[in-house]
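[1] my questions concern the predicted model and sequence given below.
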Amino acid sequence: MGATSHETPAASAPRSEYERQPVPDEARLGFKSFLGMYAGEHTAGTELMIGPLFVLAGVSAFDVVIGLLIGNALAVLSWLFLTAPIGTRARLTLYYHLEKIAGRYTVILYNLANGLAFCFLAGAMITVSATAVGVWFGFPLPTLADMTPNSIGWVLSVLGVGIMITIVAAYGYRFVSWFANIAAPWMVLIFLGFGIVSLKWFIDATGTSVASAGDLWQLAETAIWTGVHVPGQPDFTIWHVIFFAWFANMAMHIGMSDLSVLRFARKSWYSIAAAAGMYVGHFMAWLAASMLFAFQMYDAGLSSEAAVIAAAEAGRIPDPLPGPLADQALGVAGLICVIIAGWTTANPTIYRAGLAFQAVIPRVSRFHVTIGTGLLTTFVAMFPGVAMQLLGFVALYGLLLMPIGAVIVIDYWLLPKLGLKSFYAEYAGHRLTIPALGTWLVTLAICLMLVRLADIEIFFVALPGWFIAAALFTGLSFLAQRRQAAHVMTTTAPGGSTTTATRE
């Protein structure tokens, strides 16, 4: 079902985002809104930073292609079967939903951590867009080693991009979706162009005749994804690729952050629109960006293991900056794509961050909170070191939200079947609940111990971590609710009257 007339936002004034009530029938959106949002959000300038990872990590052609096909399918299924069914039934933001489960004090801690993490993520998107502006105006761009701003041009560029993104996000989800629907189709074509141009470069440079799919696959194996690992970078197998693709957006689906956007969907199955982001952005765009950087490596004579090791020791590995990569491939069109792609990704991210902070200070409007959030995000973006550590931060951020996602799933589906109360904090009048807070903190502690002590890579601990969180929350909820029930009992008062203990 396509968008109807009420789905196009009015830019003249902010509209209600139903921060503390279910989304009513008249405000629900059609499939087209989510198709554009997911395609726009996940076909982003950051793909030009993530794509080169696979080359630096030494993946083979089979590992990257098959791994991305499987991992992205798992991500779509996570949205479809975990996030959307709850989002379209409860129709609450993540933050208000969690407040009903865990109590306001727990949510304040969670929202502060969540909102700040969103600011860092959106800041990385603004940084990506600013690298394209830097190529355009010719001011020095940061390198992989730069942690702080390196020029006044960089600061002004980030400030300009950040203000534009903040204005769009402040007008709410409808405006975010409308903006993404306009930008997404054109961006998809540009990323496809990146892949076609880089493939032509490889064909010309190697003198290969690509007359069949077999010829193309041979070129991919021998010249693009050769399996040569750059020292000092992560060393990926197909399992790394699968889990990276699945959990790159773990915060949104398994972590339930997209309850805040899918609550607007008329039907649960609209979440299948996430496939547009996964297979256009996290498949085609990652591969296209990977090919661009692979040609930089090939053109620099870094196609053999010995050459790569020598270049790494001498510090001559190229910097995978989105702006220069896009400019080299498609010139002005590529630069415009990187700028707009950063916008379409940062917009919903700042929107989510604004909701997180607004849940902490509900008396302040979401519009004004989002403006403040955008300004904070813009300040973060001025420090390029945030974007340079994006991959590790994405993994850590997903891990941070994962236990809360398990709490929401168990609370909604399992607790009623066990004879326990869902939304127990609201029912009992508690502002803090040990089951939710304890599950969150203990699960994070266990997962981080597995990373540090058992030397398990961070992308592999989230899956067992979810089941640990589910078991913890179930057990702690059973103990807490049974103990509370024992305190809420009828006692016989003098004279035969009865009194009931007051809930905390």
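    Sure thing, it's come through.
[2] from residue 211, how far off is the nearest residue to residue 24 once chain neighbours are set aside?
    Using C-beta to C-beta, 6 or more residues apart in numbering and skipping residues adjacent in sequence, the residue nearest residue 24 is residue 18, 7.3 Å away. For every residue, glycine as well, the C-beta is placed using N, CA and C. From residue 18 across to residue 211, the span is 57 Å (C-beta to C-beta, to the nearest Å).
[3] of the two, who's got more company?
    residue 18 (18 against 8; other C-beta atoms under 10 Å).
[4] hang on, the residue nearest to residue 24 in a helix?
    No - the assignment for residue 18, made by DSSP: H, G, I helix; E, B strand; the rest coil, is coil rather than a helix.
[5] which residues are in contact with it?
    Counting by C-beta atoms under 8 Å, 6 or more residues apart in numbering, residue 18 touches 24, 27, 91, 93, 263.
[6] now the two most distant members of the residues you listed.
    The span of the contacts of residue 18, defined through C-beta to C-beta, is set by 24 and 93 at 14.2 Å.
[7] neighbour count winner among those two?
    Counted by other C-beta under 10 Å, residue 24 and residue 93 do not tie: residue 93 has more neighbours, with 28 against 10.
[8] so that one makes contact with residue 355?
    Yes - judged on C-beta atoms under 8 Å, residue 93 makes contact with residue 355 at a distance of 5.5 Å.
[9] contacting residues around the most centrally placed residue in the chain?
    Among the residues of the chain, residue 249 comes closest to the average C-alpha position under C-alpha atoms, centre = their mean, at 4.1 Å. Residue 249 sits next to 42, 75, 398 when contact means C-beta under 8 Å, 6+ apart.
[10] please redo it, this time with the cut-off set to 6 Å
    Residue 249 makes contact with no residue, according to C-beta atoms under 6 Å, 6 or more residues apart in numbering.
[11] and it, that's in a strand?
    No - per three-state DSSP, residue 249 lies outside any strand segment and is coil.
[12] which neighbours do residue 93 and residue 355 share?
    Residues touching both residue 93 and residue 355 (C-beta under 6 Å, 6+ apart): residue 260.
[13] and the helix or strand hosting residue 461, what does it pack onto?
    Using DSSP states H and E, residue 461 falls within helix 458-487. When contacts are defined as 3 or more C-beta pairs under 6 Å, 6 or more residues apart in numbering; DSSP states H and E, helix 458-487 sits against helix 238-247, helix 390-409, helix 434-452.
[14] got CSV for those helices, with mean neighbour count, distance to residue 101 and mean pLDDT too?
    Below are the helices and strands packed on helix 458-487 laid out as CSV (neighbours: other C-beta atoms under 10 Å; distance: least, C-beta to C-beta, whole Å; pLDDT from 0 to 100):
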stretch, mean neighbour count, distance to residue 101, mean pLDDT
helix 238-247, 23, 23, 93
helix 390-409, 22, 6, 86
helix 434-452, 19, 6, 94
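[15] who wins for proximity to residue 463 among those helices?
    If you check each of these against residue 463 by C-beta to C-beta, helix 238-247 wins as the nearest, at 7.7 Å.
[16] can you name the next helix or strand after the closest one?
    helix 259-262.
[17] and that next one, what does it pack onto?
    helix 84-90.
[18] redo that, cut-off 7 Å
    Judged by 3 or more C-beta pairs under 7 Å, 6 or more residues apart in numbering; DSSP states H and E, helix 259-262 is in contact with helix 84-90, helix 94-102, helix 322-360.
[19] who are the packing partners of the shortest one?
    Identification of packing neighbours for helix 84-90 by 3+ C-beta pairs under 7 Å, 6+ apart yields helix 259-262.
[20] related to what we said a few turns ago, could you dump the helices and strands packed on helix 259-262 into JSON lines with distance to residue 369, mean neighbour count and mean pLDDT added?
    Formatted as JSON lines, the helices and strands packed on helix 259-262 follow (distance: least, C-beta to C-beta, whole Å; neighbours: other C-beta atoms under 10 Å; pLDDT from 0 to 100):
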{"stretch": "helix 84-90", "distance to residue 369": "22", "mean neighbour count": "21", "mean pLDDT": "95"}
{"stretch": "helix 94-102", "distance to residue 369": "12", "mean neighbour count": "25", "mean pLDDT": "91"}
{"stretch": "helix 322-360", "distance to residue 369": "4", "mean neighbour count": "25", "mean pLDDT": "81"}
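[21] of the ones you listed, which approaches residue 465 most closely?
    Minimum separation from residue 465 across the helices and strands packed on helix 259-262 (C-beta to C-beta) falls at helix 94-102, 18.0 Å.
[22] after the closest one comes which helix or strand?
    Once the chain leaves helix 94-102, the next helix or strand it forms, by DSSP H and E, is helix 104-137.
[23] give me the buried positions along that next one.
    Within helix 104-137, the residues scored as buried using 16 or more other C-beta atoms under 10 Å are 104, 106-108, 110-111, 114-135.
[24] may I see the buried residues of stretch 452-471?
    457, 458, 459, 460, 461, 462, 465, 466, 468, 469, 470.
[25] now do it: everything it contacts.
    Under the contact criterion C-beta atoms under 7 Å, 6 or more residues apart in numbering, stretch 452-471 has outside partners 240, 243-244, 247, 250, 254, 395-396, 398-399, 402-403, 406-407, 410, 439, 443, 446-447, 450-451.
[26] try stretch 78-86
    Stretch 78-86 is contacted from outside by 253-254, 256, 258-259, 262, 265, 268, 271-272, 274, 408-409, 412, using C-beta under 7 Å, 6+ apart.
[27] where does the prediction get shaky in the chain?
    1-16, 45, 143-146, 172-177, 179-181, 183-184, 388, 391, 487-504 (pLDDT under 70).
[28] first vs last residue of stretch 232-240, how far apart are they?
    Across stretch 232-240, the terminal residues are separated by 16 Å (C-alpha to C-alpha, to the nearest Å).
[29] just give me how far it sits from the chain centre.
    On the basis of C-alpha atoms, centre = their mean, to the nearest Å, stretch 232-240 sits 20 Å off its chain's mean C-alpha point.
[30] can you check stretch 310-323 too?
    The chain centre lies 27 Å from the centre of stretch 310-323; the measure is C-alpha atoms, centre = their mean.
[31] first to last residue in that stretch, what's the distance?
    Start-to-end span of stretch 310-323 (C-alpha to C-alpha) is 26 Å.
[32] again with stretch 228-247
    Start-to-end span of stretch 228-247 (C-alpha to C-alpha) is 24 Å.
[33] need the residues that contact it.
    Residues from elsewhere that reach stretch 228-247 (C-beta under 7 Å, 6+ apart): 54, 56-59, 63-64, 66-68, 70-72, 74-75, 282, 304-305, 308-309, 312, 317, 398, 459-460, 462.
[34] which of these are buried?
    Among those, those that count as buried by neighbour count (16+ other C-beta under 10 Å) are 54, 56-59, 63-64, 67-68, 70-72, 75, 282, 308, 312, 317, 398, 459-460, 462.
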